[in-house]
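Engineer: just the structure for this:
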Amino acid sequence: MRRFIGAIDQGTTSTRFTVIDAAGEILAFDQREHAQIYPRPGWVEHDAAEIRANACLAIEGALEKAGLSPDNLAAVGVTNQRETCLLWDRATGAPLHNALVWMDTRTQPLVDKYLAQGVGELVRMKTGLPLATYFSALKLVWLLENVPGARAKAERGEALFGTMDSWLMWSLTGRHITDATNAARTQLVNLTTLQWDTELLALFGVPRACLPQICSSSEVYGDCAGPLAGVPLAGALGDQHAALLGQACIEPGDAKNTYGTGCFLLMNTGETPHVSTAGLLTTLAYQLGDAKPVYALEGSIAIAGALVQWLRDNLGLIEKSHEIEALAKTVPDNGDVYFVPAFSGLYAPRWRGDARGIIAGLTRFSNKGHIARAALEAAAYQTREVLAAMTADSGVAIGELKVDGGMAANDLLMQFQADILDAPVVRPRHLETTSLGAAYAAGLAVGVFKSLEDIAAHWRASQRFEPAMSGEERARLVASWEKAVERSLGWAGQ
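Structural biologist: Predicted structure coming up:
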């Protein structure tokens, strides 16, 4: 009997494959990092062929660790870094260019061009998303305009466009498809109809022939080939949507924050899109089979765990990412040092593409411990800003914040997050909620899981962090953070 579910989690820095059982327990996983390619300042690319190869290696590795074969899997789901996208040749399967990563800023001139045309509000009302370098549509426009022959091939349907879920699903099944959550992040989909929008395609000059078919997040798309031969591919969600499902945020008002390469805070808002007036994104939470779509408010923060990696790789401050907590604990506080990691500008709720990263408040007293602590605290300060905007938008004060992702294992950060929010922070038993969400979506499609309530019954908390900071200290820290952010604005383009 096939009792296990597999999940491919294709992230910004690595790809992993996880095997879970029908009780939502993780049996095994395997993870492979891929290269981060920086051709110019602000440009970030991935080798899609390397990612596909790594996915196959991770699948084989996890199955071997679990002592299972593909025959033991009832289904497999996919979750992915969302706005990262590419064009590939339909006939050969070869990418026409490296994938453009979600944090890449090369499309800022295109953003400026369309904003000058006065179409920003039209785009936001249709898609729930502001014109920004973050989203996929203008990345596709850049590829069509800069890769020789790409536009002609795309118009003939000989070049296929997709986010990383599309790339992996095409590689596994031969079908050119995407799920509704990923499609909704391209800025080419009408958030109400969840279909490619004719007016937006015309506005951006995107050929419909290159676009994938949009499917729900939980249905059988087809059987896999390769290392998952014969296994039904039955679930797909963007990583933050998968984490929302994996955290069992299935009721309006439920919220989670994922601390990964970036930080992404989502609140379930039910079956009606809620237009933000506070700088947040209106987004699709998930669409499971034939059920009505469920929407969310989202605050996206570009740099969180990526800042720790930067301290490791660019400055050599630490050798391994997990060492950041011990280094930060060598000092009792931040020493009045603040790190604004606006490497790709600032996302929600400010949306300032002209911001750049700064370290503020340095004195001769400052040391690497203070910088490490300021780097961790930056994620918490930005989360506080997003949560305040979310409360203003929804009118709902969040009683507690569920957290997940790699940085959520950091006790120092989680306690500071609770302190600066003045609200409890709850860490679940399993931090890999993106993989769990993809597995849940796939399991729902094939009957391993019977309902959302069945999934919610598997969720367990492992630790709860209660706020312990005085109101005066919180106000002082927030005021200094705000001062530092102001110093980061307007840097680019001066």
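
Engineer: quick one, strands of the stretch 201-350 of the chain?
Structural biologist: Counting by DSSP state E, counting those that start in this stretch, the stretch 201-350 of the chain has strands at residues 213-215, 218-223, 232-238, 255-259, 263-270, 281-286, 294-301, 338-340.

Engineer: out of those, nearest to Glu33?
Structural biologist: Glu33 lies closest to strand 255-259 among the strands of the stretch 201-350 of the chain, at 18.0 Å (C-beta to C-beta). Just so you know, the C-beta spots here come from the backbone N, C-alpha and C atoms, and that holds for glycine as well.

Engineer: what ranges do the helices span in the stretch 301-450 of the chain?
Structural biologist: 305-313, 324-328, 368-394, 411-421, 433-446 (DSSP state H, counting those that start in this stretch).

Engineer: now the third one against strand 263-270, angle please.
Structural biologist: Same thing as helix 368-394. Put simply, helix 368-394 runs at 20 degrees to strand 263-270, going by axes from the mean of the first three to the mean of the last three C-alpha atoms, to 10 degrees.

Engineer: so which bits of helix 368-394 are buried?
Structural biologist: 369-387, 389-390, 393-394 (16 or more other C-beta atoms under 10 Å).

Engineer: Val446 contacts Leu233, doesn't it?
Structural biologist: No: Val446 is beyond contact range of Leu233, at 10.5 Å (criterion: C-beta atoms under 8 Å).

Engineer: common neighbours of those two, please.
Structural biologist: Ala75, Val220 (C-beta atoms under 8 Å, 6 or more residues apart in numbering).

Engineer: who's more crowded, the two?
Structural biologist: Leu233 (26 against 19; other C-beta atoms under 10 Å).

Engineer: what separation do you get for the more buried one and Phe343?
Structural biologist: Distance, Leu233 to Phe343, by C-beta to C-beta, to the nearest Å: 35 Å.

Engineer: excluding chain neighbours, give the residue nearest to Phe264 in space.
Structural biologist: Counting by C-beta to C-beta, 6 or more residues apart in numbering, Gln240 is the residue found nearest to Phe264 once chain neighbours are left out, at 4.3 Å.

Engineer: with just CA atoms, put stretch 325-341 into CSV.
Structural biologist: Provided in CSV are the C-alpha atoms of stretch 325-341 (Å, rounded to 0.1, in the frame of the first residue of the first chain):
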residue,chain,number,x,y,z
GLU,A,325,23.3,33.0,17.1
ALA,A,326,26.4,32.2,19.2
LEU,A,327,28.2,35.3,17.8
ALA,A,328,25.2,37.5,18.5
LYS,A,329,25.1,36.2,22.1
THR,A,330,28.6,37.4,22.8
VAL,A,331,27.1,40.9,23.4
PRO,A,332,24.1,41.7,25.7
ASP,A,333,22.4,44.0,23.2
ASN,A,334,22.9,45.6,19.7
GLY,A,335,25.1,48.3,21.1
ASP,A,336,22.9,50.8,19.2
VAL,A,337,23.9,49.2,15.8
TYR,A,338,21.2,48.8,13.2
PHE,A,339,21.5,46.9,9.9
VAL,A,340,19.0,47.7,7.1
PRO,A,341,19.4,45.0,4.5
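
Engineer: what residues of that stretch count as buried?
Structural biologist: Those would be Glu325, Leu327, Ala328, Val331, Asn334, Gly335, Asp336, Val337, Tyr338, Phe339, Val340, Pro341, for stretch 325-341 by 16+ other C-beta under 10 Å.

Engineer: ok, now stretch 308-315?
Structural biologist: Val308, Gln309, Trp310, Leu311, Arg312.

Engineer: as CSV, those residues with distance to Ser480 would be great.
Structural biologist: Formatted as CSV, the buried residues of stretch 308-315 follow (distance: C-beta to C-beta, whole Å):
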residue, distance to Ser480
Val308, 21
Gln309, 25
Trp310, 22
Leu311, 21
Arg312, 26
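
Engineer: residues contacting Ile301?
Structural biologist: Going by C-beta under 8 Å, 6+ apart, Ile301 touches Gly262, Cys263, Phe264, Leu265, Tyr347, Ala348, Ala379, Gln382, Thr383, Val386.

Engineer: apart from its chain neighbours, what residue comes closest to it?
Structural biologist: Distances taken as C-beta to C-beta, 6+ apart put Cys263 closest to Ile301, at 3.8 Å, once the chain neighbours are dropped.
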